[in-house]
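Student: have a look at this prediction, sequence included:
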Amino acid sequence: MKKGADDLPEVGPTNLGVRPMDVDVDAGNNVIVNGKGMSVAPAWRDININRIPKRLRTVAPGAQGTNSAACFCTGTGPFLQGPFAAALTLEPDSATHGNVTPALAVPLATFDAHLAATRPDWKVDEI
């Protein structure tokens with residue numbers, strides 16, 4: 001995610017947010033609760049090397065991501081299915097990947113607002 005001037009993630013569909021193509025919506029433009037949402041990993045070293053900033057090549061060989069991005073983390077618990085934040089759920093689909101999803105069907109804009117509300121909870125983690 002891109003880092004804002006305040007060292008928190010920028011809000012938006014390729015940062016702290018969801019791209020419409022990453023979720024399924026019903027006829028009323030409500031996000032369907034089906035495990036799809038904002039992609040996350042239990043640790044930054046688990047993400048695709050194309051997303052890890054190049055500046056981290058010394059600790060992540062082959063990193064190819066843009067240096068304008070940062071690796072963020074939130075929380076300290078295990079990477080397990082369950083509540084993530086208010087109105088959000090973590091839905092792992094493997095040991096190294098999951099999605100933050102809406103807990104209930106909501107309009108896409110509301111889902112994005114719920115994700116944006118977690119902004120203060122994220123911190124840069126590149127160690």
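Tutor: That came through fine. Residues are numbered from 1 along each chain as shown.
Student: which ones are touching Ser68?
Tutor: Lys2, Pro53 (Cβ atoms under 8 Å, 6 or more residues apart in numbering). In short, each C-beta sits where N, CA and C put it, glycine included.
Student: separation between it and Pro78?
Tutor: From Ser68 over to Pro78 the distance is 31 Å, taken as Cβ to Cβ, to the nearest Å.
Student: again with His114
Tutor: In terms of Cβ to Cβ, His114 sits 22 Å off from Pro78.
Student: who's more crowded, those two?
Tutor: Each of His114 and Pro78 has its neighbours counted (other Cβ atoms under 10 Å); His114 has more, 19 against 9.
Student: I'd guessed that one sits against Thr101; true?
Tutor: No. In this structure His114 lies outside contact range of Thr101 using Cβ atoms under 8 Å: 10.1 Å.
Student: got any residues that touch both of those two?
Tutor: Residues touching both His114 and Thr101 (Cβ under 8 Å, 6+ apart): Leu88.
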